[in-house]
Each structure stands twice: as C-alpha cells, then as structure tokens.
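> the amino acid sequence is not available; the structure is as follows:
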C-alpha cells in the first residue's frame, strides 16, 4: 500500500467520477476507490450474512466485479451508489445459490489486534441482535435501512440502488425504523 | 446534502443510534483489506475495448446525429435536393467485389466476442456483415459522397492514418475524416474512431496504418433506399450471416462447441480444415456455421415449446401480425431551468420563488419551491417530487376506488393529460400507486435499465394528502419507421447466436430487496442493446455479475403477453453525460411472462429495422 502511495498520490477530495475514469487504466486510482468504499461494502455484507468469511468473500466478489465493470460506470450517479448496487446483486446471488441462512455464531472470529476480547464479544452480540431484528421486518424495508446505515448511502443513492423514488425510500426507512422499534427483539434492547 | 440523520422522530432516535453504532463498529480486518487490494491491483489490466472510448465517439458524432435528425425531419424536402449517387454506375459488368471476411482475430481484453472483427494481431477493425456497408441518405454528404464512422483498435502505439481506393471503377480516393483534436483525442493506442468518406458507392479497398503496421480490407459500399419506411431491397445484414467466428475458451472441446451450436463435430472440422482427432487451441478462431436468423424456427409451432437456452419456451398466444411501423420520438432533454421550476410549481398552485438547493451530483442541481404547506423539488433532469401537505401524510390506506378517483382527478387538475395504466405498487400495496403514461400509440415506456417510465403516487385516505413524483417526459414524433415483426423479434430471442438489441430482466414478485420494481434479480445486458442513431453505449451493465446465477435457468418459461413499448435512456444519464447526444424513444417488442419457478420476466427486443440502426458493436450474450 505504501509503495502505491509513493508512486502516485491521489488526493482525497479528488472527484470520484474522475477517479473512476482513471481507474480504467490506472490500478492506483482503482485502489483508491477501493480503499474509500471497502468498509461500506463489507459492513453491508456483514449485516446480511452475519459472518466474516462470507462477508470477505462477497466483498472480494463485489470489487472484482467492479473492476471488470468499471467501464460501465458512467458517472451518472455516485460511485458509492454504483458499488452498493453491485454489492446488493452479489448478495442476492449468494443467497440464491446457497439458499442457506448462515448462522451468526461465526461472526467476528478474526482476532483484531487493537481491541480487547470483551469488546469484541460485545460487538459481536450487537451485530447479531441488529441482524436478527432486521430479518424480522419486511425485506425491502430492511434493505433500505441496511443500505442507508451500513452502506452509508444517501436517500437518493438508496433510491438508485433499489430503483425506487426517494419518497418511497424515505417511507421504507421510516416504516422500517418504526417496525424495529415496535415489533422486533431490538425493541427490548433499546428500552434497556 | 444528506438529511437522513436529522429527519428521524425522537421515538426512532434510540434505534437510529443503535444502527449507527453497530455499523461503525463493523470494520473489515486490516489484513483482509490489504490482501484484497493487492489482488485487485494484480488483476487490474488496462481495459482498451470498444465500449470504453465510445464516449469519445460523440464529439465526432454529435454533428452527424444532428444532421441525421434534420434529414429525418426534412426528408421530403431533402430527397429532391440531394444529388443521389447512382449505385455502381461506373462499375464494370460482372465484377465481383472480393470483400474481406472477419478472421476471428480479436483485440486484447475483449470480453465480448465481436463476430465481425478482423485484425492481424496488432491492428483490428470491425467489418460490416457480408462486407457490405449499407448507406442511407443519412450518411450522405451534400456532394453525394458517403460518410461512415469507422473504428480501428490499435494494439501498437502510433497515430492511425487511413487511405483507400475504389477497385471496380475509377473514383476519387477515400477521404479519411479524422476527429477534432486528432491525434491527441484518442491517445496513441487503443480505439480510434474516424469517419471514412467514400466518394462513390462500389468496391473499396481500405488500409489503416499505425507506425509500420497496416491492415487492409475490401468492402462494398451499397446505397439503400431514401424513404425511411421502406425496406432496403437486400435482406438485413444479420440474416445473411452463414458463419460466425467463435474463439475457443478454456475447457471447450470440439464436442462441447458442436453441442452448444447444435452442429456436428464433423461440420466444425470440415469448415475449419481440422484433422482427427479434433483438438483445439485456446483462443483459436473457429468458423461456426449458423442458419440465417429468419429461418431458425419456421413455421412457429407451439406444441412442444421452443428450445430456449437450456429450457423450454412456450407461447400462450399467437404472435401479433401488426403493426409494421411505429413512431420514433425525439426526447427534448434540456436541463430544467428556474423558469421550468416556477412553471411546474404554478401548476400545483405554489406561487413562491424557487430556491436552488444542494446538489447530489456535480452536474446536477435542484430547485425547491414551497409555500409552507406544499413543497415541490425539481432536479435538473426534470425529475420532481411534489408533496401536497408537508408532514401530514398519514399511514391510513385509501380504498382502491378512492385511490383511482383521487389520482385521476389530481392528474387532470394539474395538467397531466395523458392516457395511462394504473398499478398498485407491490411493496406498498394500498398506499403507493404507479401511473404509467402512454405514448400517443398507447404504448408504455421503459428506461434503459428496464424500469417503467412512471409516476409514483403515495396517498392516504383523506384524499388530500398526496406525494407525487416522476419524470415528465417531453418528446415529439420524428416520423414513422418500419419495424420487424413480433415473429422476427421472437426468432431473435430463440436464436443461439448472440444477438444485439435485447434487454432482459426477471424478478420475483414475492420477495423484496434488490433493485427494480418489487424486486429484481437479473438484468442481462451487454454492449449496446439499442443503438438507434445514438452512438453512446447505453445501458451498459457489468454483465459479469449477472451471468453466474446458479438457479438459472428454471424448467420452463411461458410468454403471456407481447406488445410494443418505447425504450428511452434515463434523462438523468442523458443530462449528466456531456457526450450523451440526441436521445430517442425507440419502439421495442416486449415479451412478458413467467418462469415455472414463479419469477416474472420481461424481454425487450429492439423493433426498428436494421437499416435504421447504427452498426452494432457488441452482441447480446444470453446468460448461463
């Protein structure tokens, strides 16, 4: 990573559309896009799959597909929205292929050097409870919430990924939050 | 820019915080991050292919498209003014033009096989099917010569120059028309587009040079009929194809290829001069005999279903015999101005001044107009959202009858006077509705990613609170053009040969999530599905992510409905892409039905006859 930065400095505010254009021919530009967006993609897969192995696999697949398809990114929307669209399709295929609901118990099994163990355990429990609650509400509301909170997309970006209007996305999120609050196991934890 | 964090009610705050905390704590492992980064960098190859630099097409093409549009408009006037070149008047009797055939050589890094590719390992071009360039008046310049855009792909470095002369008669030499900014506009390697100006029709030898590499081919320039609605007397180029070139892939065997194309191993061996045992090299170009598209299945026989990919396709009804021609519409795509915003606001009875608001995208801007009760937001691509009563929308559903009446009155009161189809949104039944405006021909419209052109309406049971959003499409007819029959379109679907001009989705109505409609699992596109007079690649979607669905294909598929729809590029793309050029609403045959697994599918097949289309560069690749 350091050698990359040495050969070419890509300044953070650089326009992503410009970066995507350069990424066609320039591996460093693609790597920069990757670094900017890998976390949102990973979070998205993590809350869906609940396990590190599948999330890492799907994150890899998402960026591999993005690399192949970078020429089809037309700069007509944000890169974040585009990459999350790929992530969402990768996820759908993953679930359709396996037809398995992956148990959450394998979550966060990588040792993370910076965190003490009890904190890791806490995080794991928190992710589990959120993921479980999201499975208890209607899938389209859950997806809008996940794209918004875990994918870090704006409502407009979510609307592009889901091919719905912004108004519909707002409504999905607001109803989803209401469902989470009133009807799921998350309600109890939030009360506490 | 993003108001989602401030928009939540106090009740939701705890849930919102929980979600944010959880998300923020879920980070990928740093080893994983750097490992994947290395993999991506290793895999990254500069992608020089047809579809990337096509954006550069447009500066070259912009004027040409304008001229084409003008010629269409003024066709009647023009035909009498243009000195029509009589085809082949000077040609020698009995001369057979030795047209060059594709040789299977493909530019590097091509993911989509171009059956018309011709090259020598360092320089490539794409030939017209059968070596014939069909010229129409649209390609004719005022001096009677013909201008055709042409692409070369350079595998080597240097500036491309092109020369050419007529073989079958005396004629002035070919005039290359290099694009503005040449040679810098394309860099010194990869794709180079230029115009080839043929002073006359006839048999032409053309040579491209880059440094010490040259590529020569012979092609015949044919002049078509001047009237858009009449067909060129020769059959469409695509249906004349008798062999295609297939590049051998990893794990291919002679038997597997024979099986795939429904031919015998012997046929492959004979045609390609192979000897026993039939062994293949990776990337070897094989000639594959194919039947002309128009005779693949004939007559249509529905009894046992049609073979389609690895499944059976059934038709629930007879294919329609009409129409034989359809309108083409020109989309008026000017960015929305302050005046447009004001005018639309007044239609809703908001008389306040528009304010420019934060933009989501660099090329884009928004206006906001509100009188405190009503609010209208309009984006530069004219997409708008109108809310009749800010913050007062309840979650009480209207009855279906109430919804229809309220919406119909609302549309008429506010000047949305069009015929439409009314649908209830599957994911929010009873509260959200779709209004699909119809063209003058009574056809629905689809955007280039297969979304219906529609207004979305959310309303409650008071009949007064309404959220209304959508694209007001502004377009006008540029005339009627001949279209292929539904039968021909169906042949394209059935054809095992990669076809251009098709789009396909399937979706599972019972499941949420995904993108598009209620839910949306596959979108199989490639290259330029529909390319009517628009050289920009439209609807390019990364096909690699759609082709690996293990659940595909389901046992059977039944087509229940066919009709004409209009296909148009999303106005946001058209406006934000500086090279978008002129946009059209083009007719497409729509085939709608269900797989036996319950998923809906919809396939669009470009309906305009071949002679009205630009040469297509990338074939449609079916999934699987």
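Arrived safely, thanks for sending. These numbers were taken from a predicted model, which means no experiment stands behind them.

> so which elements touch the strand or helix carrying residue B:468?
Here residue B:468 is covered by strand B:466-470, with elements defined by DSSP states H and E. Applying 3 or more CB pairs under 8 Å, 6 or more residues apart in numbering or on different chains; DSSP states H and E, we find strand B:466-470 packed against helix A:166-183, strand B:384-387, helix B:400-413, strand B:455-459. (Glycine included, C-beta is placed from N, CA and C.)

> please redo it, this time with the cut-off set to 6 Å
Judged by 3 or more CB pairs under 6 Å, 6 or more residues apart in numbering or on different chains; DSSP states H and E, strand B:466-470 is in contact with strand B:384-387, strand B:455-459.

> hmm, who's touching the longest one?
Contacts made with strand B:455-459 from outside it, assessed by CB atoms under 6 Å, 6 or more residues apart in numbering or on different chains, are listed as A:165, B:398, B:407, B:432-433, B:435, B:466-470.

> avg pLDDT for that strand?
Averaging pLDDT along strand B:455-459 gives 87.

> now do it and strand B:466-470, the angle between them.
In terms of direction (axes from the mean of the first three to the mean of the last three CA atoms, to 10 degrees), strand B:455-459 departs from strand B:466-470 by 170 degrees.

> parallel or antiparallel, list what pairs with strand B:455-459.
Partners of strand B:455-459 in the sheet, by DSSP bridges, are strand B:432-437 (antiparallel), strand B:466-470 (antiparallel).

> quick one: contacts of the last one?
Think strand B:466-470. By CB under 6 Å, 6+ apart, strand B:466-470 touches A:165, A:167, B:385-388, B:455-459.

> okay, now residue B:276: neighbour count?
Using other CB atoms under 10 Å in any protein chain shown, the number of residues around residue B:276 comes to 8.

> tell me, what's the model's pLDDT at it?
77.

> in a strand, it, correct?
No: applying DSSP: H, G, I helix; E, B strand; the rest coil, one finds residue B:276 to be coil, outside a strand.

> name the element the residue nearest to it when sequence neighbours are not counted belongs to?
Ranked by CB to CB, 6 or more residues apart in numbering or on different chains and with sequence neighbours excluded, the top spatial neighbour of residue B:276 is residue B:269, at 7.6 Å. Per DSSP H and E: residue B:269 is located in helix B:265-271.

> what's that helix packed up against?
Looks like helix B:265-271 contacts helix B:254-261 (3+ CB pairs under 6 Å, 6+ apart).

> any idea of the mean pLDDT for the helix it packs on?
For helix B:254-261, mean pLDDT rounds to 73.

> check stretch B:336-344 too.
For stretch B:336-344, the mean per-residue pLDDT is 91.

> got it, and stretch B:561-576?
78.

> sec struct for whichever residue of chain A sits closest to chain B, please.
Per CB to the nearest CB, residue A:69 is where chain A lies closest to chain B, at 2.5 Å. Put simply, residue A:69 is helix when judged by three-state DSSP.

> who's in contact with the helix holding residue B:269?
B:254-255, B:258, B:278, B:287, B:289.

> circling back: okay if I get the contacts of strand B:455-459 as TSV plus neighbour count and distance to residue B:598?
Formatted as TSV, these follow (neighbours: other CB atoms under 10 Å in any protein chain shown; distance: CB to CB, whole Å):
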residue	neighbour count	distance to residue B:598
A:165	25	26
B:398	21	29
B:407	22	30
B:432	23	23
B:433	23	24
B:435	20	27
B:466	20	33
B:467	23	31
B:468	24	32
B:469	20	30
B:470	21	29
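
> what is the lowest-pLDDT residue among the residues you listed?
The lowest pLDDT within the contacts of strand B:455-459 belongs to residue B:432, with 80.

> what is the burial count for the residue lying closest to that one once chain neighbours are set aside?
Closest residue to residue B:432 apart from its sequence neighbours, by CB to CB, 6+ apart: residue B:425 at 3.9 Å. Residue B:425: 20 surrounding residues under other CB under 10 Å.

> same question, residue A:81
What residue A:81 shows, counting by other CB under 10 Å, is a neighbour count of 21.

> what residues sit buried inside the host helix or strand of it?
Element membership for residue A:81, per DSSP H and E: helix A:79-98. Using 16 or more other CB atoms under 10 Å in any protein chain shown as the test for burial, helix A:79-98 gives A:79-95.

> can you narrow these to ones near chain B?
A:86, A:89, A:92-93 (CB under 6 Å from any CB of the partner chain).

> quick one, longest helix in chain A?
Ordering each helix of chain A by length in residues (DSSP state H) puts helix A:27-49 first.

> list of residues touching that one?
For helix A:27-49, using CB under 6 Å, 6+ apart, the contacting residues are A:4, A:8, A:10, A:19, A:22-23, A:55, A:58-59, A:62-63, A:83, A:87, A:91, A:102, A:131, A:146, A:150-152, B:23, B:26, B:28, B:33, B:37, B:40-41, B:44.

> ok now that helix, how far from the chain's centre?
In terms of CA atoms, centre = their mean, to the nearest Å, the centre of helix A:27-49 is found 8 Å from the chain centre.

> off-centre distance for stretch A:51-67?
That offset, for stretch A:51-67, works out to 10 Å (CA atoms, centre = their mean).

> related to what we said a few turns ago, how about the helices and strands packed on strand B:466-470 in a markdown table, adding distance to residue B:160 and mean neighbour count?
As requested, these are exported to a markdown table (distance: least, CB to CB, whole Å; neighbours: other CB atoms under 10 Å in any protein chain shown):
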| stretch | distance to residue B:160 | mean neighbour count |
| --- | --- | --- |
| strand B:384-387 | 46 | 22 |
| strand B:455-459 | 48 | 22 |
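
> go ahead and flag the most central residue of chain A.
Central residue check for chain A by CA atoms, centre = their mean: the C-alpha nearest the mean position is that of residue A:44, 2.6 Å away.

> can you tell me which residues contact residue B:331?
Contact partners of residue B:331, counting by CB under 6 Å, 6+ apart, are B:475, B:568, B:583.

> what's the closest of those to residue B:249?
residue B:568 (35.5 Å; CB to CB).

> after the lowest-mean-pLDDT helix or strand in chain A, which helix or strand is next?
The weakest-scoring helix or strand in chain A, judged by mean pLDDT, DSSP states H and E, is helix A:2-7 (a mean of 32). Per DSSP H and E, the first helix or strand lying C-terminal to helix A:2-7 is helix A:16-23.

> and the gap between residue B:134 and residue B:277?
42 Å (CB to CB, to the nearest Å).
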